[in-house]
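Trainee: mind looking at a prediction? Sequence and model below.
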Amino acid sequence: MRDFKHSTVYQIYIKSFCDSNGDGIGDLGGIRSRLPYLKSLGIDYIWVTPFFRSPMNDNGYDVADYYEVNPMFGTLEEAMDMIREAREMGIGFMFDMVFNHTSTEHAWFQKALRGDPEYMDYYIFRDGKDGQPPTNWESKFGGNAWEYVPSLGKWYLHLFDRTQADLNWDNPKVREEMKNVIRFWKDAGVCGFRFDVVNLISKPDIFEDDHEGDGRRFYTDGHHVHEYLQELVRDTGIAEMVTVGEMSSTSLENCIRYTMPERGELSMCFSFHHLKVDYAGGNKWALAEPDLKSLRNLFGTWQEEMMKAEGWNALFWCNHDQPRVVSRLGDDQLYWKRSAKMLAMFIHLMRGTPYIYQGEELGMTNAGFTDIGQYRDVESINYHRILREAGLSEEETLQVLGARSRDNGRTPMQWTPGENAGFSAGEPWIGVPENHTFINVESEEKDPDSILQFYRKLVALRKESDLIALGGIRFLETGNERVIAYERTMDGKILTVVCSFSKEREEISDPVLCERIRDGKLFLAADADTAAQYAEMNEKLVLAALDGIAVAR
Ligand code: NOJ
């Protein structure tokens, strides 16, 4: 079994990571050229987002051929070289398997469109109701989740874009096709897989309208999902590899089942509840201040319950679908450096496997786009229209996109203070934030106190410390909703982590917590000044805005 408990994973969004041929688009050559940088971070695995043949309507999450490399990113030979070169450095690749749907350009869908019954059964085609779609379910990218095909007189299901048709996993032939894809990349030498929205693969037997929501309750963690995952893992022999499932709107009970080792499903899960605490009324497109009480309760419950059941969490704040956390829960101006470090230590000292999303280790911020013409993402462009139609002004709409668009996490990796942040010699496919002049690898390499160096330290700590990698976890009372604390324990050793999500200075007077902090030794602090304050601590612990501290006993 691969050790994923002492490990840290680095996520590469290929299109924005590094461009080796000057066409403005990141590519495999770019990744290969940056392997030494990744090695220097100390990370163990790289999850690279899909680079397979695709019309790129959803930047590669619309796969047209799982065995071919999109020429925009390189060749199959380069992919093989990349896997080998990384392995030689002790880094394993995790490839991204988009198995809930294919592009409508996939040969299977094209045959289905021509009315071939064998291939129509690879997808979910249904009759409409009086000229209307089969159900009222909504696509996650806006609009109804069914598309009509006049030549067939039928509708097909697409939970995402209409060019991403959902596969019919109840068809054993589809399951065999997916196993073959896994076998192919396993033989190529990858160390693991990330499975895209894999908890949506099992659809209900009967399709009915949802009068309470958008339809997700009928297909999320569907009735055969665990069985299908077990079959996939068993028949492809990947139980010993590192696997992570992306779980959309999942439940704790299901994530326990997905990751309990004896069930033979996955190593770990991504869940997203903690990234919805700033959605007003659960709506991504309505802004609200983060609900810190919920944040604390969500982490507390998931961490403690997963531990009790021997499940395993993937730990993360950022990915290519999320705004940058330093802009979201930290402060990307005054307290930029300290808040980025606080957020990093909060996640990296927990129980689970941390994921660093490219640029997070630099404290990269949201894009700062001010015009709809700067956005590229299909979801953002759809929602710009939807929000305007709903009556929001252009200014209000841009404010929402500025906080919520997936493009915030997709701007080019900032390598240097120079032109295009050193990402490309050509015009990048999406704009580069102005702050690349000081937020970039080159500058942060030179600064011993940089966010980059802090991440290196966190990655190394997890490798060295069984307490961090394997210890128990318990959330503590702080007597202050804006300050979240937890404790890791192992063999009589205790690590107490206290993080302030407040933009003000906060005092913590809870006597039990203060005693624990006072009696320990400073282990890590988000700010050099915190260390000095700690030394002077008497009755109360005082934390500066967005500061964090960890103390060992
Ligand atoms: C989740 C991926 O992370 C996201 O980028 C994509 O749009 C959807 N799944 C659909 O594949």
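Mentor: Thanks, I have the structure now.

Trainee: tally up the residues packed near the closest residue to Gly215 other than its chain neighbours, please.
Mentor: Distances taken as CB to CB, 6 or more residues apart in numbering place Trp137 nearest to Gly215, at 2.9 Å, with adjacent residues excluded. (Glycine included, C-beta is placed from N, CA and C.) For Trp137, the count of nearby residues is 21 (other CB atoms under 10 Å).

Trainee: Trp137 contacts Ala145, correct?
Mentor: Yes: between Trp137 and Ala145 a contact is recorded at 4.2 Å, counting by CB atoms under 8 Å.

Trainee: what touches both of these two?
Mentor: Residues touching both Trp137 and Ala145 by CB atoms under 8 Å, 6 or more residues apart in numbering: Leu157, Leu159, Gly215.

Trainee: what sits against the last one?
Mentor: Pointing back at Gly215 there. Residues in contact with Gly215 (CB under 8 Å, 6+ apart) are Thr135, Asn136, Trp137, Glu138, Ala145.

Trainee: most surrounded residue in those?
Mentor: Ala145 (25 neighbours).

Trainee: confidence score at that residue?
Mentor: On pLDDT, Ala145 comes in at 98.

Trainee: once you drop chain neighbours, what's closest to Asp449?
Mentor: Nearest residue to Asp449, sequence neighbours excluded (CB to CB, 6+ apart): Ala528, at 6.6 Å.

Trainee: same question, Phe346
Mentor: Cys499 (4.5 Å).

Trainee: hmm, who's touching the helix or strand where Glu85 lies?
Mentor: Under the criterion of DSSP states H and E, Glu85 resides in helix 76-88. Residues outside helix 76-88 that contact it (CB under 8 Å, 6+ apart) are 28-29, 31-32, 35, 46, 51, 68-69, 92-93, 188-191.

Trainee: and if you look at stretch 473-483?
Mentor: Contacts for stretch 473-483 (CB under 8 Å, 6+ apart): 292-293, 296, 299-300, 303-304, 307, 350-351, 484-489, 496, 498-502, 506-510, 512-513, 543.

Trainee: what's the burial count for the residue of the chain found nearest the ligand?
Mentor: Nearest to the ligand in the chain, going by CB to the nearest ligand atom, is Tyr61, at a distance of 3.4 Å. Residues lying near Tyr61 (other CB under 10 Å) number 23.

Trainee: so what's it closest to, chain neighbours aside?
Mentor: Val98 (5.3 Å).

Trainee: quick revisit: near the ligand, from the shared contacts of Trp137 and Ala145?
Mentor: By CB under 6 Å from any ligand atom, no member of those lies near the ligand.

Trainee: among these, which one lies nearest to Arg2?
Mentor: Leu159 (31.1 Å; CB to CB).

Trainee: how about that closest one, what does it touch?
Mentor: Neighbours of Leu159 in contact, by CB under 8 Å, 6+ apart: Asn100, His101, Trp137, Ser139, Lys140, Ala145, Asp166, Val197, Leu200, Tyr219.

Trainee: could I get the residues you listed in TSV, plus columns for distance to the ligand and secondary structure?
Mentor: Below are those laid out as TSV (distance: CB to the nearest ligand atom, whole Å; DSSP: H, G, I helix; E, B strand; the rest coil):
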residue	distance to the ligand	secondary structure
Asn100	7	coil
His101	7	strand
Trp137	15	coil
Ser139	10	coil
Lys140	7	coil
Ala145	13	coil
Asp166	10	strand
Val197	5	coil
Leu200	9	helix
Tyr219	14	helix
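
Trainee: so where do the strands sit in the stretch 451-553 of the chain?
Mentor: 472-476, 483-490, 493-500, 506-508, 521-525, 541-543, 548-552 (DSSP state E, counting those that start in this stretch).

Trainee: show me what from the protein comes close to the ligand.
Mentor: Asp58, Tyr61, Val98, Phe160, Asp196, Val197, Glu246, His320, Asp321.

Trainee: select from those residues every entry located in strands.
Mentor: Among the residues of the chain next to the ligand, the residues falling in strands (DSSP state E) are Glu246.

Trainee: give me the pLDDT for the residue nearest to Asp449.
Mentor: On the pLDDT scale, Ala528 gets 81.

Trainee: please tell me how far it sits from Lys446.
Mentor: 17 Å (CB to CB, to the nearest Å).

Trainee: likewise for Trp312?
Mentor: Distance from Trp312 to Lys446, by CB to CB: 37 Å.

Trainee: which one of the two has more residues nearby?
Mentor: Trp312 (24 against 10).

Trainee: can you map out the helices along the stretch 1-150 of the chain?
Mentor: Here the stretch 1-150 of the chain has its helices, by DSSP state H, counting those that start in this stretch, at 28-33, 35-41, 76-88, 107-113, 117-120.

Trainee: wait, a strand at Arg217?
Mentor: No: with DSSP: H, G, I helix; E, B strand; the rest coil as the criterion, Arg217 is located in helix rather than a strand.

Trainee: scan the residues of the chain next to the ligand and report the most crowded one.
Mentor: Val98 (27 neighbours).

Trainee: surely that residue meets Ser54?
Mentor: No: using CB under 8 Å, Val98 is not in contact with Ser54, being 9.1 Å away.

Trainee: need the residue closest to the centroid of this structure.
Mentor: Asn319 (3.7 Å; CA atoms, centre = their mean).

Trainee: what's near enough to touch it?
Mentor: Taking CB under 8 Å, 6+ apart, one finds Gln11, Phe270, Tyr355, Tyr357, Gly409 in contact with Asn319.

Trainee: need the max-distance pair from those.
Mentor: Most distant of the contacts of Asn319, by CB to CB, are Phe270 and Gly409, 14.3 Å apart.

Trainee: between these two, point out the one with more neighbours.
Mentor: Neighbour count, other CB under 10 Å: between Phe270 and Gly409, Gly409 has more, with 25 against 22.

Trainee: which residue comes closest to Gly142 once chain neighbours are left out?
Mentor: Per CB to CB, 6+ apart, closest to Gly142 is Asn382, 4.2 Å.

Trainee: what about the one you found, how many neighbours?
Mentor: For Asn382, using other CB under 10 Å, the count is 15.

Trainee: ok, now the one 3 residues further on?
Mentor: Residue neighbour count, defined by other CB under 10 Å, stands at 13 for Arg385.

Trainee: thinking Arg183 is in contact with Leu232, fair?
Mentor: No: Arg183 is beyond contact range of Leu232, at 10.7 Å (criterion: CB under 8 Å).

Trainee: neighbour count for the two, which is higher?
Mentor: Legend: neighbour count by other CB under 10 Å for Arg183 and Leu232, higher for Leu232 (24 against 14).

Trainee: who does the helix or strand where that one lies touch, helix- and strand-wise?
Mentor: Using DSSP H and E, Leu232 maps to helix 225-236. Helix 225-236 is packed against helix 172-187, helix 252-259, with contacts defined by 3 or more CB pairs under 8 Å, 6 or more residues apart in numbering; DSSP states H and E.
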